[in-house]
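Participant: Build me a structure from this.
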Amino acid sequence: MYATRLGDDGAELRPLEPWQAGEFLAHMDRGREFIGARNGLPDVVKDLESSRAFLRAYAEKAAADTGRIHGIWLDGTLVGAVILRTLDVAAGVAEAGCWLEPAAVGRGLVTRAARKLIGWAIEVRGVHRVEWVVSADNEPSIAVARRLGMKRDAVLRESYHHRGRRIDEEVWSVLAPDWHAAAGPRPR
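Facilitator: Next comes the predicted model:
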């Protein structure tokens with residue numbers, strides 16, 4: 001229920017909710033080191049309680065219309081997620097993000113899922129600007145930003161402290177007019 005197919009390969013995008021904390025924790029455990037190489041989430045989601053708290057925080061964001069989290073399932077297994085880490089409809093801005101466990105890499109899942117979520121933010125919620133903040137050395141995520149039609153706006157030097165080191169981040173974005181021009185007319 002409430003699933004969106006991401007293609008013909010058994011991939012689906014659906015809301016990720018607190019009652020799925022066990023499944024989310026299992027996903028995080030499978031991808032802990034891989035995801036944690038560039039993302040602090042595995043350092044936050046360590047057990048069932050922290051998994052539930054993380055998903056509850058996003059449920060509260062969804063209720064307040066300030067963020068969203070959607071899981072990516074492949075053949076019935078949760079393998080990743082896309083998020084609107086922030087969503088400010090009044091200001092017309094949002095920040096999108098993603099992660100995948102290693103078994104799901106290289107299938108275009110993040111690009112397809114992010115396209116759905118960003119399209120929803122722009123087309124349905126009226127967001128004007130969607131940002132994508134990524135470690136400057138994260139080429140796969142930068143490639144996703146490019147495939148989504150984003151442009152690099154800035155490099156934030158040593159702006160992210162991760163596992164004992166300072167990391168440069170890049171800010172990529174897409175504006176609603178550019179999104180519409182790239183997508184062409186779409187039925188609503």
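
Participant: doesn't Arg152 make contact with Glu170?
Facilitator: Yes. Applying Cβ atoms under 8 Å, one finds Glu170 in contact with Arg152, separated by 5.7 Å. For the C-beta atoms, the positions are set from N, CA and C on the backbone; glycine is no exception.

Participant: More neighbours: those two, which one.
Facilitator: The neighbour count for Glu170 versus Arg152, taken as other Cβ atoms under 10 Å, is higher for Glu170 (20 against 15).

Participant: ok, so what distance separates that one from Ser141?
Facilitator: Using Cβ to Cβ, to the nearest Å, Glu170 is found at 9 Å from Ser141.

Participant: Helices of this protein, start to end?
Facilitator: Under the criterion DSSP state H, helices of the chain are mapped to 21-36, 41-44, 48-64, 109-123, 139-147, 176-183.

Participant: how much distance is there from the first one to the middle of the chain?
Facilitator: Relative to its parent chain, helix 21-36 has a centroid offset of 15 Å by Cα atoms, centre = their mean, to the nearest Å.

Participant: Same check on the longest one?
Facilitator: With Cα atoms, centre = their mean as the basis, helix 48-64 stands 15 Å off its chain's centre.

Participant: before we move on, the earlier item: closest one to Ala11 among the helices of the chain?
Facilitator: The closest approach between Ala11 and any of the helices of the chain, judged by Cβ to Cβ, belongs to helix 109-123 at 5.6 Å.

Participant: Output the contacting helices and strands for that closest one.
Facilitator: Helices and strands touching helix 109-123, by 3 or more Cβ pairs under 8 Å, 6 or more residues apart in numbering; DSSP states H and E, are strand 11-15, strand 68-74, strand 77-88, strand 93-100, strand 129-135, helix 139-147, helix 176-183.

Participant: Which among these is found nearest to Asp43?
Facilitator: Closest approach to Asp43 among the helices and strands packed on helix 109-123 (Cβ to Cβ): strand 93-100, 12.8 Å.

Participant: Which strands or helices does the closest one pack on?
Facilitator: If you count contacts as 3+ Cβ pairs under 8 Å, 6+ apart, strand 93-100 packs onto helix 21-36, strand 77-88, helix 109-123, strand 129-135.
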